[in-house]
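Participant: okay, here's the prediction I keep looking at, along with the sequence it came from:
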Amino acid sequence: MMNRHPLDPEGLFEMFVAVDPTAQKDEVVVGKVEWEIDNKPPKYVLSSIPWTERRHAVVAYIGCVAVAFKWWKKRVGSTMLPRALEEIRARRPDVVAAYLVVGNSNTPAIKLYEKTNFTYVADYAIKSRIYVYRYPLQKGMWSGGGVLDRLRKFLSMRLIVLACLAGLAAVMLPLRKGALLPRRRRPTSTPDARRSAGELVYRPGRSDDRMDGKPLNAYGVYKIFVAVEPKTLAVVGKVEWEIDLSVPDRVLYKLPEDQKAVVAYIGCVEVIPAWRKKRVGSTMLPKALDYIRVERPDVVATYLYVDHDNRFAGQLYRKSNFTIIDGTSTCVVDKLLFLMMSADVPSTPPPHHGPDFRTPDTRASIGGGGGYSPSITLAAGNAVKRRKTRQDGNTAD
């Protein structure tokens, strides 16, 4: 038990914990590290691993680093995390790296991870970043990867130079008389930003939808509701959501005890820059909430997180009848927690275009504290399955 609540009741992660042997039974765990082996790590993580190890690389994903509030600033996090990394290596000797995702505004957690030799590799989702920890090679492991890696870079540079010379030679060749110069392809036109939000099509996302030229939700974690420009069929806004099987206690406390807790979580509300300040977000979000009720009539509430400094998103959610219920969470630090009961869904007029209920292919923060005490005991816990943590992306209109 941690903070009088069971650890990972769904059994989604492996667990490493810091224990206070003198505490009461329901407060004995004062810190935890949740982890799992990721069978499909992001390309940003794989790119940080030498190519000689990349093909069969075993990578661990750290889903949460949390410390009980009264144990913050006691070096618990900075003592527990390195030992958790050692435990991961002991359990899986073939692991070569571990990675995690942290919010850009979570300064204490970032300092902890950099102090533990995690390295920043890329931005992830909205206002988040990926950090990777590289395990040292064990004795007896082949260590020629550095030499071959330099050789590969040398050969790739040589091929690039040869390709450039070949292209230059082709341009310099004389053209036959009357031949036309090859036409340059025009770049794909961006959505027409002069159109109003009322002329967009609002519908469930499809597997072939793209936003700013990129596939929506490439990892297939959420269901998606989108705003589409009808002429170009370009997606200009999206709402990502899912039914949460592990609802935070702060949300459960706000629900009536006699109601079955079927709760939706919104992981991202985003509008492309060219369509912001055109009421796309305030039009799309209520329609997305209506669609959630169509898909799951038993939903009793919807919640989401937003950064404290994201003033425009906060205004949008208050306008859509969301209410702030908390300012922080165990694994999501420095974020506001918004909740809306299903009975408070704002009414929306009938859609301008006929509804399309074809759905896409469906398949999403880490807080840390630093602290230490000689009375703390570190141990491995039990868990099983795999589940991706969410990242909150909230961009208002």
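Facilitator: Yes, it's here. Numbers count the residues shown, from 1 in each chain.
Participant: would you mind giving the domain segments of the protein?
Facilitator: Listed domain ranges for the chain are 14-134, 197-363 (source: automatic domain parsing).
Participant: now those domains as TSV including mean pLDDT and mean neighbour count?
Facilitator: In short, each C-beta sits where N, CA and C put it, glycine included. Conversion of the domains of the chain to TSV gives the following (pLDDT from 0 to 100; neighbours: other Cβ atoms under 10 Å):
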stretch	mean pLDDT	mean neighbour count
domain 14-134	88	18
domain 197-363	79	18
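Participant: I'd assumed residue 319 was in contact with residue 282.
Facilitator: Yes - Residue 282 lies in contact with residue 319 (Cβ atoms under 8 Å); the separation is 6.2 Å.
Participant: what helices or strands is the helix or strand hosting residue 293 leaning on?
Facilitator: Per DSSP states H and E: residue 293 is located in helix 280-295. Counting contacts by 3 or more Cβ pairs under 8 Å, 6 or more residues apart in numbering; DSSP states H and E, helix 280-295 packs against strand 201-204, strand 223-229, strand 234-244, strand 263-271, helix 311-319.
Participant: can you list the strands that the third one pairs with?
Facilitator: Pointing back at strand 234-244 there. strand 223-229 (antiparallel), strand 263-271 (antiparallel) (DSSP bridges).
Participant: so which of those strands comes closest to residue 240?
Facilitator: Of all those, strand 263-271 sits nearest to residue 240, with 4.1 Å by Cβ to Cβ.
Participant: now residue 237: closest residue in space that isn't a chain neighbour?
Facilitator: residue 227 (3.8 Å; Cβ to Cβ, 6 or more residues apart in numbering).
Participant: I should have written residue 251 there, sorry.
Facilitator: residue 303 (5.2 Å).
Participant: isn't that neighbour up against residue 340?
Facilitator: Yes - judged on Cβ under 8 Å, residue 303 makes contact with residue 340 at a distance of 7.4 Å.
Participant: report the separation between the closest residue to residue 275 other than its chain neighbours and residue 121.
Facilitator: Leaving aside its sequence neighbours, residue 275 sits nearest to residue 236 (Cβ to Cβ, 6+ apart; 4.4 Å). Distance, residue 236 to residue 121, using Cβ to Cβ, to the nearest Å: 29 Å.
Participant: check residue 229 too.
Facilitator: Taken as Cβ to Cβ, the span from residue 229 to residue 121 is 34 Å.
Participant: sorry, back to before: surely the residue nearest to residue 237 meets residue 204?
Facilitator: No - taking contacts as Cβ under 8 Å, residue 227 lies outside contact range of residue 204: 11.5 Å.
Participant: show the backbone phi and psi for the residue nearest to residue 251.
Facilitator: Phi and psi for residue 303, reported as degrees, to the nearest 10, are phi -140, psi 160.
Participant: tell me the contacts of it?
Facilitator: With contacts defined as Cβ atoms under 8 Å, 6 or more residues apart in numbering, residue 303 is in contact with 244, 248, 251, 263, 264, 265, 266, 325, 337, 338, 339, 340.
Participant: can you do 10 Å?
Facilitator: By Cβ atoms under 10 Å, 6 or more residues apart in numbering, residue 303 lies in contact with 244, 247-248, 250-251, 254, 263-266, 322-323, 325-326, 337-340.
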